[in-house]
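Peer 1: Got a predicted model here, sequence first, then my questions.
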Amino acid sequence: MMLAPAAAHAFGTNLVAVPTPMKPDFSIDESGFKSMVKHLVKNKCDGIVVAGTTGESPTLSEDELAHLIRSAASKTKGRARIIAGVGTNDTMSTVRRARLAAAAGADALLVVTPYYSRPSQLGVATHLRAVADATDLPVMLYDVPHRTGLPLATSTLYDLAQHPNILAVKDATGDIAQAMAVMADCPMAYYCGTDGLNLPYLSAGATGVVSVVGAVRSAENAALIKAITDHDLPTAREINRDLIPAATALNSIATGGAVAAKVALRELGVIAHTTVRPPLTEATPDEAAQIVAALAVHAETSVRSA
C-alpha cells in the first residue's frame with residue numbers, strides 16, 4: 001500500500017536540506033552554492049532540498065528561488081533530485097512559486113503547511129491540493145508544527161494521500177508513535193525531518209531522511225539508510241551513535257538549521273561565509289566553537305573506528 005518505491009524515485013532517500021550560502025552583503029554566494037552542491041553529490045546525497053527552512057526560504061525572492069533551482073540542476077546533472085521548497089502562507093503565492101520551480105527545472109516540490117494564518121484542516125487541505133494541482137511535479141508535504149503552529153491531522157494526511165501528485169510527507173513532528181500508525185496503512189511515504197530520530201523512523205519504515213546534518217555528514221546518512229535496508233541494525237546503531245554529536249550541534253535551539261549548517265560547511269572549507277539574512281543572526285564565537293568541536297568529536301570517532 002505504501003508508495004515508497006515511487007517516492008524514492010521522485011525524491012531520493014538521502015535528502016539534504018541545504019542552506020543558501022551568502023556573501024557579507026547578504027547577496028547569494030553563487031560560488032559557495034555550487035561548491036556545496038558538488039560536495040553533497042560527492043558524498044552520496046541523492047536529493048537536494050533548495051529553499052527549505054534551512055535555505056532561509058522566507059527571505060528569498062521568487063527570482064532567487066528560480067536561480068537556485070537552475071544552478072543546482074546544472075551542477076548535479078541528474079545525479080541528485082532537486083526538491084524546491086515553495087510553501088508560504090498564501091495559496092496564490094505558493095502556487096506561483098510551484099509553477100516557477102517547475103519551469104526552472106525542479107524535480108519535485110516541498111510544501112509546508114500555511115504558517116501564521118493557521119487555517120482549519122479543510123483550509124490546509126484546500127491549500128495543499130491547489131499547489132499539487134498547479135504542476136505535474138511530485139509533492140512532499142512538510143509537517144513541522146513547532147514552526148507553523150499547525151499540525152497536519154491524520155485524517156488530512158489520509159485525504160491528501162489520495163492526490164496522484166502527493167507522494168510523501170516530511171515529518172518533523174517528533175511524534176514517532178503517530179508516524180508509525182500512519183505509515184502502517186496510509187498510501188504515503190514518510191521521510192524523517194528530525195535528525196535525532198532518523199534511526200527510529202527508518203527502522204519503523206520511513207523511506208528516507210531530509211537532513212540538516214547531511215550538509216556535512218551525507219555519506220554517513222547514506223550508510224545509515226543502507227544498514228537499515230540491509231537489516232543490519234548493529235551497524236545502523238553504530239553509525240547513528242557517531243552522528244549524534246554533529247546532529248545535536250546542527251539542530252540546537254540557539255543555532256539550529258541555517259546558522260549552524262553554515263558554520264559547519266565553512267569549517268570544512270566548502271563555503272567561505274556564515275552570513276545569514278535578518279532576522280537570523282550568525283552564531284556567536286562560543287556557539288561556533290561548539291559546532292566545530294562536535295565535528296571534531298565525529299572525526300576522532302571515525303579515526304578510532306577505522
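Peer 2: Sure, I can see it.
Peer 1: show me the contacts for residue 36.
Peer 2: 18, 19, 21, 215, 265, 270, 271 (C-beta atoms under 8 Å, 6 or more residues apart in numbering). Every residue, glycine included, has its C-beta placed from N, CA and C.
Peer 1: Check residue 256 and give its pLDDT.
Peer 2: On the pLDDT scale, residue 256 is placed at 79.
Peer 1: what's near enough to touch it?
Peer 2: By C-beta under 8 Å, 6+ apart, the neighbours of residue 256 are 212, 250.
Peer 1: Quick check: it is in a strand.
Peer 2: No: under DSSP: H, G, I helix; E, B strand; the rest coil, residue 256 sits outside any strand and is assigned coil.
Peer 1: Could you check how far it is from residue 222?
Peer 2: With distances taken as C-beta to C-beta, to the nearest Å, residue 256 is found 22 Å from residue 222.
Peer 1: now do residue 170
Peer 2: 18 Å.
Peer 1: Looking at those two, which has the bigger crowd around it?
Peer 2: residue 170 (27 against 20; other C-beta atoms under 10 Å).
Peer 1: Just confirm that one is within a strand.
Peer 2: Yes: counting by three-state DSSP, residue 170 is found in a strand.
Peer 1: where in the stretch 51-200 of the chain is pLDDT low?
Peer 2: Within the stretch 51-200 of the chain, not a single segment meets pLDDT under 70.
Peer 1: what are the ranges of the helices in it?
Peer 2: 62-76, 91-104, 121-134, 145-148, 154-160, 176-185, 198-204 (DSSP state H, counting those that start in this stretch).
Peer 1: Output those as JSON lines; include the columns distance to residue 211.
Peer 2: Output for those, formatted as JSON lines (distance: least, C-beta to C-beta, whole Å):
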{"stretch": "helix 62-76", "distance to residue 211": "17"}
{"stretch": "helix 91-104", "distance to residue 211": "21"}
{"stretch": "helix 121-134", "distance to residue 211": "23"}
{"stretch": "helix 145-148", "distance to residue 211": "16"}
{"stretch": "helix 154-160", "distance to residue 211": "22"}
{"stretch": "helix 176-185", "distance to residue 211": "16"}
{"stretch": "helix 198-204", "distance to residue 211": "7"}
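Peer 1: Distance of the residue nearest to residue 123 when sequence neighbours are not counted relative to residue 128?
Peer 2: Using C-beta to C-beta, 6 or more residues apart in numbering and skipping the chain neighbours, the partner closest in space to residue 123 is residue 114 (7.6 Å). Applying C-beta to C-beta, the value for residue 114 to residue 128 is 9 Å.
Peer 1: pretty sure residue 152 contacts residue 169?
Peer 2: Yes: when contacts are counted by C-beta atoms under 8 Å, residue 152 is listed as touching residue 169 (7.2 Å).
Peer 1: For these two, work out which one has more neighbours and name it.
Peer 2: Using other C-beta under 10 Å as the criterion, residue 152 and residue 169 rank with residue 169 on top: 27 against 23.
Peer 1: what sits against that one?
Peer 2: Residue 169 neighbours (C-beta under 8 Å, 6+ apart): 140, 141, 142, 143, 152, 157, 188, 189, 190, 191.
Peer 1: For the fourth one, list the residues it contacts.
Peer 2: Going by C-beta under 8 Å, 6+ apart, residue 143 touches 113, 151, 152, 157, 169, 170, 171, 172, 173, 193.
Peer 1: quick one: which of these is nearest residue 12?
Peer 2: For the contacts of residue 143, the closest approach to residue 12 (C-beta to C-beta) belongs to residue 170, at 12.4 Å.
Peer 1: what sits against the closest one?
Peer 2: Contact analysis of residue 170 by C-beta under 8 Å, 6+ apart lists 110, 140, 141, 142, 143, 144, 191, 192, 193, 210.
Peer 1: could you redo the last one with a cut-off of 7 Å?
Peer 2: 110, 140, 141, 142, 143, 191, 193, 210 (C-beta atoms under 7 Å, 6 or more residues apart in numbering).
Peer 1: got it, and residue 124?
Peer 2: By C-beta under 7 Å, 6+ apart, the contact list for residue 124 reads 113, 114, 150, 152, 156.
Peer 1: circling back to that earlier point, so which two of the contacts of residue 169 are the farthest from each other?
Peer 2: 152 and 189 (14.5 Å).
Peer 1: Now render the contacts of residue 143 as a markdown table, adding distance to residue 276.
Peer 2: Below are these laid out as a markdown table (distance: C-beta to C-beta, whole Å):
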| residue | distance to residue 276 |
| --- | --- |
| 113 | 24 |
| 151 | 27 |
| 152 | 28 |
| 157 | 32 |
| 169 | 27 |
| 170 | 22 |
| 171 | 26 |
| 172 | 20 |
| 173 | 25 |
| 193 | 20 |
